[in-house]
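Trainee: here is a sequence with its predicted model. Questions after.
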Amino acid sequence: RRYADTLGASMYGAVWTHGILDPRFRWACLRAVAAVWAWLFIGAVVYYAVGNCSRVPRLDKDGQVKEVDLCPWHFSHALYFSVQTGLSIGFGLLSESEWVSQVYSCFHILAGSSCVGGALSFFVTQALTVQQGFQSRSEQRLAEASLALHAKGYEGFTLEQIRELMVKHPQYANAIVRKVYPLAEVANDLIEEFRVADARLRNDLAARILKEACEKLDEFKHESLNISDLLAIDEEFASSRRKFCRGLRAHASVLTAMSALGVFIFIGAIFSHLGDDNDFVTSVYFAVSTLSTAGMVATKTVESDAHVIFVAVYALVGVPLYCVTLGAFANILVKRCIVEQMQQTLNQKLSNAEVEFLGYLANCDADDRVDLAEYTELQLLRLGMVDRDTLRNIRERFRSLDENGTGFLTASDFLHSDHRAVMSNHTAHAPSYTNASHENLSEL
């Protein structure tokens, strides 16, 4: 591969390889969670060891709230106070009576802002980027189907390969039918006929559909379609059900986060209603204000160990979930704006400084012409999607693999042995025939 291809694959695959499938991501998550829990546990130990005393509310059996002395705090109260202080919830029911505890709280809050803020930022970033693989799910499925057919889908399917694809994956046949036959009634009848047909009849129907497509559609004028062409047709002419399912998959992370947040709000409301005898509105108010760190409603029974432990764990898990949900939802709102800004940046005229830097890139290889790799580097830098150190590391990695200094790499230079086996199998089974003609289609 040329350096340009390596650079492109590295940039577009970087988000996915650093996503949830990467063991390094899992270890980073564990370290972030461990840091937050350790910080809160240390705070709880300090607050417990200091021996604070407070007057706290107690909910009697008759529903009346009375204040009682709690001296010293139990460990559950210390953990509760550590969480509500560190996460800036501030319920305000427990107050410190020792100056040592107050001094430590200053450190606990400042250190916690960095610790929790960094962890939450990490979780939100991963939640927003983990779904942004350089291949959509639809493209992955089509690429896998291409591999199963021993075709070179990105270069172009032949008509016979498209026919086989339509027979094995009728959804692509349905999209092509809707494009070839604009009348909905005709298209639906043919789609239904294709659905109930056996493999042999599907072959005949697919051949007839492709023959019509070659006569009517510009996409088939070269009697070949690549993966991008098929994806465009499927995107435009897929059924309403497929479009709806595709939309759900596209926003799966947001829907999952919102569903989990809804469940957490329900759990918190149930606790507040049953444990603190609050009405429905106040119960929901408690759950939402706790997760959003507003802390407008506190538990009435701070004296109870079970109550304060529940609220501490509830806030510790729910606050990050709330932040992730907000971040995922905000990503939907700003995504279109970001795309438009990227297009504007790409279309802007290069500044004198950027022209000078582009000239430097071109001269690095003793050639004053600008190739695709050099142009891609500059545009990635302009978009802020990569920094110079990352590009330098990619270039150095390429040069370390290019032991002969030819400027090219073979698959064996950088692919895993399993991937090399797949590519060898793909090449060995690649068909040698050219695009089928209209006459061939009639015989099919």
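Mentor: Arrived safely.
Trainee: just the element for residue 309, please.
Mentor: helix 305-347 (DSSP states H and E).
Trainee: counting by contacts, list what that helix packs against.
Mentor: If contacts are counted by 3 or more CB pairs under 8 Å, 6 or more residues apart in numbering; DSSP states H and E, helix 305-347 sits against helix 23-50, helix 75-86, helix 99-129, helix 252-275, helix 280-291, helix 372-383. Placement of C-beta: from N, CA and C, glycine included.
Trainee: so what's the gap between it and the chain middle?
Mentor: 12 Å (CA atoms, centre = their mean, to the nearest Å).
Trainee: downstream of that helix, the next helix or strand is which one?
Mentor: helix 352-363.
Trainee: any buried residues in stretch 275-294, and which?
Mentor: By neighbour count on 16 or more other CB atoms under 10 Å, the buried set for stretch 275-294 is 275-276, 278, 282-291, 293.
Trainee: CA atoms only: put it into PDB for me.
Mentor: Extracted in PDB, the C-alpha atoms of stretch 275-294 (Å, rounded to 0.1, in the frame of the first residue of the first chain):
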ATOM      1  CA  GLY A 275     -38.600   4.900  51.900                       C
ATOM      2  CA  ASP A 276     -39.300   8.600  52.600                       C
ATOM      3  CA  ASP A 277     -43.100   8.600  52.100                       C
ATOM      4  CA  ASN A 278     -43.000  11.300  49.500                       C
ATOM      5  CA  ASP A 279     -45.700  11.900  46.900                       C
ATOM      6  CA  PHE A 280     -45.100  11.000  43.200                       C
ATOM      7  CA  VAL A 281     -44.000  14.500  42.100                       C
ATOM      8  CA  THR A 282     -41.600  14.900  45.000                       C
ATOM      9  CA  SER A 283     -40.200  11.400  44.400                       C
ATOM     10  CA  VAL A 284     -39.400  12.100  40.800                       C
ATOM     11  CA  TYR A 285     -38.000  15.500  41.800                       C
ATOM     12  CA  PHE A 286     -35.700  13.700  44.200                       C
ATOM     13  CA  ALA A 287     -34.400  11.300  41.500                       C
ATOM     14  CA  VAL A 288     -33.900  14.000  38.900                       C
ATOM     15  CA  SER A 289     -32.300  16.500  41.200                       C
ATOM     16  CA  THR A 290     -29.900  13.900  42.500                       C
ATOM     17  CA  LEU A 291     -28.800  12.700  39.100                       C
ATOM     18  CA  SER A 292     -28.300  16.200  37.900                       C
ATOM     19  CA  THR A 293     -26.300  17.100  41.100                       C
ATOM     20  CA  ALA A 294     -28.800  19.900  41.900                       C
END
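Trainee: let me see the mean pLDDT of that stretch.
Mentor: Average pLDDT, stretch 275-294: 84.
Trainee: which residues touch that stretch?
Mentor: 59, 63, 87-89, 261, 264-273, 295-301, 307, 310-311, 314-315, 318-319, 321-322 (CB atoms under 8 Å, 6 or more residues apart in numbering).
Trainee: again, only this time at 6 Å
Mentor: Stretch 275-294 has contacts (CB atoms under 6 Å, 6 or more residues apart in numbering) with 63, 87-89, 265, 268-269, 272-273, 296-297, 299-300, 307, 315, 318, 322.
Trainee: count the residues that sit near residue 50.
Mentor: A total of 19 residues lie near residue 50 under the criterion other CB atoms under 10 Å.
Trainee: elements contacting the helix or strand that residue 160 is a member of?
Mentor: Counting by DSSP H and E, the element that carries residue 160 is helix 159-168. Contacts defined by 3 or more CB pairs under 6 Å, 6 or more residues apart in numbering; DSSP states H and E place helix 159-168 against helix 170-180, helix 199-216.
Trainee: who touches the longest one?
Mentor: Okay, so that is helix 199-216. So helix 199-216 is contacted by 159, 163, 166-167, 177, 180, 194, 220, 441, 444 (CB under 6 Å, 6+ apart).
Trainee: list the buried residues in that helix.
Mentor: Of the residues in helix 199-216, those buried by neighbour count under the rule 16+ other CB under 10 Å are 202-203, 205-207, 209-214.
Trainee: repeat for stretch 177-187
Mentor: 177-181, 187.
Trainee: endpoints of it, how far apart?
Mentor: 6 Å (CA to CA, to the nearest Å).
Trainee: how far off centre is it?
Mentor: Here the centre of stretch 177-187 is set off from its chain's centre by 36 Å, with CA atoms, centre = their mean.
Trainee: start at 55, not 1
Mentor: Yep, numbering from 55; the last one is stretch 231-241 now.
Trainee: name the residues that touch it?
Mentor: 244-245, 263, 266-267, 270, 287, 291.
Trainee: if we use 10 Å, what do you get?
Mentor: Residues from elsewhere that reach stretch 231-241, judged by CB atoms under 10 Å, 6 or more residues apart in numbering: 220, 224, 228, 230, 242-245, 247-248, 259-260, 263-271, 273-274, 286-288, 290-293.
Trainee: what strand or helix carries residue 195?
Mentor: Here residue 195 is assigned to helix 191-202, by DSSP H and E.
Trainee: ugh, wrong one, I meant residue 298
Mentor: Going by DSSP H and E, residue 298 is in helix 294-304.
Trainee: which parts of that helix are buried?
Mentor: residue 296.
Trainee: and for it, what's in contact with it?
Mentor: 185, 190-192, 225, 228-229, 288-293, 309, 386.
Trainee: one step back: quick one: distance of the helix holding residue 214 to the chain centre.
Mentor: 32 Å.
Trainee: average pLDDT for that helix?
Mentor: pLDDT averaged over helix 213-222 gives 88.
Trainee: stretch 367-387 now?
Mentor: Mean predicted lDDT for stretch 367-387 stands at 78.
Trainee: C-alpha coordinates for that stretch, PDB please?
Mentor: Written as PDB, here are the backbone C-alpha positions of stretch 367-387 (Å, rounded to 0.1, in the frame of the first residue of the first chain):
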ATOM      1  CA  VAL A 367     -24.500   4.400  45.500                       C
ATOM      2  CA  TYR A 368     -27.400   5.800  43.500                       C
ATOM      3  CA  ALA A 369     -25.700   9.100  43.000                       C
ATOM      4  CA  LEU A 370     -22.300   7.500  42.300                       C
ATOM      5  CA  VAL A 371     -23.700   5.500  39.400                       C
ATOM      6  CA  GLY A 372     -26.400   7.800  38.300                       C
ATOM      7  CA  VAL A 373     -24.500  11.000  37.900                       C
ATOM      8  CA  PRO A 374     -22.100   9.600  35.300                       C
ATOM      9  CA  LEU A 375     -25.000   8.100  33.500                       C
ATOM     10  CA  TYR A 376     -26.800  11.400  33.400                       C
ATOM     11  CA  CYS A 377     -23.600  13.100  32.000                       C
ATOM     12  CA  VAL A 378     -23.200  10.400  29.300                       C
ATOM     13  CA  THR A 379     -26.900  10.800  28.300                       C
ATOM     14  CA  LEU A 380     -26.600  14.600  28.000                       C
ATOM     15  CA  GLY A 381     -23.400  14.200  26.000                       C
ATOM     16  CA  ALA A 382     -24.900  11.700  23.600                       C
ATOM     17  CA  PHE A 383     -28.000  13.800  23.100                       C
ATOM     18  CA  ALA A 384     -26.000  16.900  22.500                       C
ATOM     19  CA  ASN A 385     -24.000  15.000  19.900                       C
ATOM     20  CA  ILE A 386     -27.200  14.600  17.800                       C
ATOM     21  CA  LEU A 387     -28.000  18.300  18.100                       C
END
